[in-house]
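1. what's the 3D shape of this:
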Amino acid sequence: MSTEETAAPTKAAPEDDGMTWWYKWLCKIAGVLGGISCAVSGVWNCVTVNPLNIAAGVWMVLNAFVLFLCEVPFCCQFIEFANAVAARADKLKPWQKAFFYCGMALFPVFLSFSFTTLFGNAIAFATGVLYGLASLGKKGDAVTYARLQHQKQGDEERMTGTTNGAPE
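-> Prediction:
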C-alpha cells in the first residue's frame with residue numbers, strides 16, 4: 001500500500017451535528033438577517049453624542065461583521081482570512097455557536113440599554129437560540145421512549161425483587 005492509501009483512513013470524517021439541511025439554512029438565514037439588523041441599528045446608534053451609545057453601536061457593527069464572516073463568507077470575499085474564519089466557525093459545535101452569538105448580542109444591550117440596541121440585537125440573539133436548540137438534538141419518537149420506560153421499569157423490578165408491586 002502506498003502512503004496515500006494509508007493516510008486516507010486517518011482523515012477525520014466531517015462530524016454530523018444532527019442538524020437537517022433546512023435547519024442549517026434557517027440558522028444561516030437568521031444569521032444574515034441578524035447581521036443586517038445589527039449593522040443598521042449599530043450605525044443608527046452611533047448617531048448620538050452619548051459615548052456609551054457610540055460604543056454599543058460600534059460593537060453592533062462588529063457583531064454584524066462577525067455574523068457575516070461566520071455564516072456567509074462569500075459576502076466577505078475580498079477579505080483574505082474570511083474563508084479560514086468561516087471554516088473554523090463551521091467546525092464549532094452548535095452549543096459553542098449559540099454561546100458565542102448570544103454573548104455577542106447581549107453585550108451591547110448591557111452597555112447601553114435602549115430600543116435600538118434591544119431590537120437591533122434581537123435577531124442575532126435569535127440566531128444563537130436556534131443554534132442552542134440544535135445542540136439539544138432531535139426529538140425522540142414515542143415508541144422508542146415507551147420501550148425505554150418499559151425496560152427501565154423491568155430493571156427497577158429486578159433490583160427491588162418485586163413484580164407488579166408484590167414482593168416475591
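2. Go ahead and flag the most central residue of this protein.
-> Taking C-alpha atoms, centre = their mean, the centroid of the chain lies closest to residue 131, which sits 2.7 Å from it.
3. For the helix or strand hosting residue 64, list the C-alpha coordinates in CSV.
-> Take DSSP states H and E as the rule and residue 64 turns out to sit in helix 51-71. Coordinates of each C-alpha in helix 51-71 appear next as CSV, following Å, rounded to 0.1, in the frame of the first residue of the first chain:
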residue,chain,number,x,y,z
PRO,A,51,-20.3,57.7,24.3
LEU,A,52,-21.9,54.5,25.6
ASN,A,53,-24.4,54.6,22.7
ILE,A,54,-21.5,55.0,20.3
ALA,A,55,-19.6,52.1,21.9
ALA,A,56,-22.7,49.9,21.7
GLY,A,57,-23.2,51.0,18.0
VAL,A,58,-19.6,50.1,17.1
TRP,A,59,-20.0,46.8,18.9
MET,A,60,-23.1,46.1,16.9
VAL,A,61,-21.4,46.8,13.6
LEU,A,62,-18.6,44.5,14.7
ASN,A,63,-21.3,41.8,15.5
ALA,A,64,-22.7,42.2,12.0
PHE,A,65,-19.3,41.7,10.5
VAL,A,66,-18.6,38.6,12.6
LEU,A,67,-22.1,37.2,11.7
PHE,A,68,-21.5,37.8,8.0
LEU,A,69,-18.0,36.3,8.3
CYS,A,70,-19.1,33.1,10.0
GLU,A,71,-22.4,32.5,8.3
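4. And it, what's buried?
-> Taking 16 or more other C-beta atoms under 10 Å as the basis for neighbour counts, the residues of helix 51-71 that come out buried are 53-71. In short, each C-beta sits where N, CA and C put it, glycine included.
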